[in-house]
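**Student:** just coords:
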C-alpha cells in the first residue's frame, strides 16, 4: 500500500488538520444555499478502502428522479505527487450494477469495493483525481430504493459528485470527464448529455462507456406471461428496473402489471443487493414476474422516459467499448445505440474486445479508457 502525505479528515478536529495540510476546505464554502445540488454535507477518511489508502467518503446533495434535492454519497481519491498547474483533472467514475438497497454502495458493499478499487487505483495512478458516486439510495447517506437505470438521476449524481468534491477538496481542476461500466456506462452517457447544461461552470471533456446498458426500454415492453423472451440471467436486472420504475416515477402503476410472485420479487429486490437476487428469484424466468403484457403505450412511454440513453446533444467526445462475448448486455444492444448516435449526428469511437461482460475492464477495456482520457483530458 502506497504511503500518502495527506492528513486524515475525521470530524471537526481532523478537518482543521487537513485544512492546515492544504487538502480539504470546509464544506460551508460549497454553496450559500442549504439545499443546492452539488453542496457537500460531510467529508471523512475511509481508511483502508479496498486495499487503497487516501480514500475520502463524501456526502453531498443532488437531484433525484422526481426532481427533489436529496443526499447521496461517494468516494474521492487523489493522485500521489504534486498537483499540476490548474489542479488535477477529475474523472467521475460510475460503477456497475450492485443492487438497490442502502448497503449496496461504495461504503458497505464488499463486492463493489473489491471491483471498483482497481479502477480507482488505475485512474489515480494515471494522474487523475477520482470521484465515484454511490448513486442515490445505495449508501447510508440517502434513502432508497435506488432508481436503477434512471437516466437523469444517475447523471445528476455523477455530475454533482464533481461539484461537491471541488467544493471541499483543494486542488481539483474545473476539467472533468465521465467514465463507467455497465450501469455505469449508462450513467456516464447520461451525464455527458446533461453535463454542460446542468453544470455549465465545469469544463466537461468527454465520456468513456464500457458495455453501457442501453435499449432495454425497447426489449422489455415485449414481455408477457409465458413468453421467455429474456434469459433467466436477466430476471434480477429486470426486477430491479421494475422496482426502480415503481418507486421513482408517477406515470404508470407498475404493480398493476405484476403477478403475485412478481410483486413479491420486485419488493425484495428493491431493498437488496445484487448477490441476493438469485436466491430471491429461485430460478424464475423474467416472464413469471408479469401478469399481463408490458407493451401498452402507457408503460412504453414511462419506461422510455425513465431509462433511455440520450443519443443527441452529448457534451463531448465519446468512447464506447464492448465485449464480443457479452451476454449480460449483448453487443447488439450497443450496435443499436451506435446507430442512434449516427442518426442524431453524435460522433463516437467504438472498440470491441473478444471477452465477456465481467472481464471487459481487465481484458483491455480499462486500457482503452485510459488512452482515450489522455487524449481528451490530459493528466499533466
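**Tutor:** Happy to help now that I have it. Here the structure is a predicted model, which means the values were calculated and not measured.
**Student:** ok, residue 141 - contacts?
**Tutor:** Residues in contact with residue 141, defined by CB atoms under 8 Å, 6 or more residues apart in numbering, are 41, 59, 71-73, 107, 134. To be clear about C-beta, it is placed using only N, CA and C from the backbone, and glycine gets the same treatment.
**Student:** ok, which stretches of the stretch 51-200 of the chain are helices?
**Tutor:** For the stretch 51-200 of the chain, the helices defined by DSSP state H, counting those that start in this stretch occupy 110-125, 151-168, 183-198.
**Student:** format the ones you listed as JSON lines; extra columns: mean pLDDT, distance to residue 98 and mean neighbour count.
**Tutor:** Output for those, formatted as JSON lines (pLDDT from 0 to 100; distance: least, CB to CB, whole Å; neighbours: other CB atoms under 10 Å):
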{"stretch": "helix 110-125", "mean pLDDT": "97", "distance to residue 98": "4", "mean neighbour count": "18"}
{"stretch": "helix 151-168", "mean pLDDT": "98", "distance to residue 98": "13", "mean neighbour count": "28"}
{"stretch": "helix 183-198", "mean pLDDT": "98", "distance to residue 98": "8", "mean neighbour count": "26"}
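**Student:** for the spatially most central residue of the chain, name its beta-bridge partners.
**Tutor:** In the chain, the centroid-proximal residue (CA atoms, centre = their mean) is residue 94; its distance is 3.3 Å. Per DSSP bridges, the residues bridged to residue 94 are residue 180.
**Student:** can you pull the contacts of it?
**Tutor:** 132-133, 135, 154, 158, 178-181, 183-185, 187-188, 191.
**Student:** picking that back up, which of the contacts of residue 141 count as buried?
**Tutor:** Neighbour counting with 16 or more other CB atoms under 10 Å marks 41, 59, 71-73, 107, 134 as buried within the contacts of residue 141.
**Student:** in strands only, show me those residues.
**Tutor:** 41, 59, 71-73 (DSSP state E).
**Student:** of those residues, just say which sits nearest to residue 337.
**Tutor:** Nearest to residue 337 among those is residue 72, at 26.3 Å by CB to CB.
**Student:** so that closest one sits right up against residue 140, yeah?
**Tutor:** No: counting by CB atoms under 8 Å, residue 140 is not a contact partner of residue 72; they are 10.7 Å apart.
**Student:** quick one: neighbours of the residue lying closest to residue 273 once chain neighbours are set aside, just the number.
**Tutor:** Counting by CB to CB, 6 or more residues apart in numbering, residue 99 is the residue found nearest to residue 273 once chain neighbours are left out, at 3.3 Å. By the other CB atoms under 10 Å criterion, the neighbourhood of residue 99 contains 28 residues.
**Student:** separation between residue 99 and residue 134?
**Tutor:** Residue 99 sits 11 Å away from residue 134, going by CB to CB, to the nearest Å.
**Student:** and if you look at residue 97?
**Tutor:** Plainly put, residue 97 is 13 Å away from residue 134 if you go by CB to CB.
**Student:** strands of this structure, start to end?
**Tutor:** For the chain, strands defined by DSSP E occupy the ranges 40-45, 55-63, 69-77, 88-94, 129-133, 172-181, 203-210, 318-323, 349-353.
**Student:** in TSV: those, plus distance to residue 379 and mean pLDDT.
**Tutor:** Formatted as TSV, the strands of the chain follow (distance: least, CB to CB, whole Å; pLDDT from 0 to 100):
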stretch	distance to residue 379	mean pLDDT
strand 40-45	23	94
strand 55-63	19	97
strand 69-77	14	97
strand 88-94	6	98
strand 129-133	9	98
strand 172-181	10	98
strand 203-210	11	98
strand 318-323	16	98
strand 349-353	19	98
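**Student:** possible to save these as TSV with distance to residue 275?
**Tutor:** Below are those laid out as TSV (distance: least, CB to CB, whole Å):
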stretch	distance to residue 275
strand 40-45	27
strand 55-63	22
strand 69-77	21
strand 88-94	20
strand 129-133	20
strand 172-181	17
strand 203-210	21
strand 318-323	22
strand 349-353	26
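**Student:** residue 148 is nearest to which of those strands?
**Tutor:** Proximity to residue 148 (CB to CB) singles out strand 88-94 among the strands of the chain, at 12.8 Å.
**Student:** got the angle for that closest one vs helix 151-168?
**Tutor:** If you take axes from the mean of the first three to the mean of the last three CA atoms, to 10 degrees, strand 88-94 sits at 150 degrees to helix 151-168.
**Student:** how far is strand 88-94 from where the chain is centred?
**Tutor:** Computed by CA atoms, centre = their mean, to the nearest Å, the chain-centroid distance of strand 88-94 equals 12 Å.
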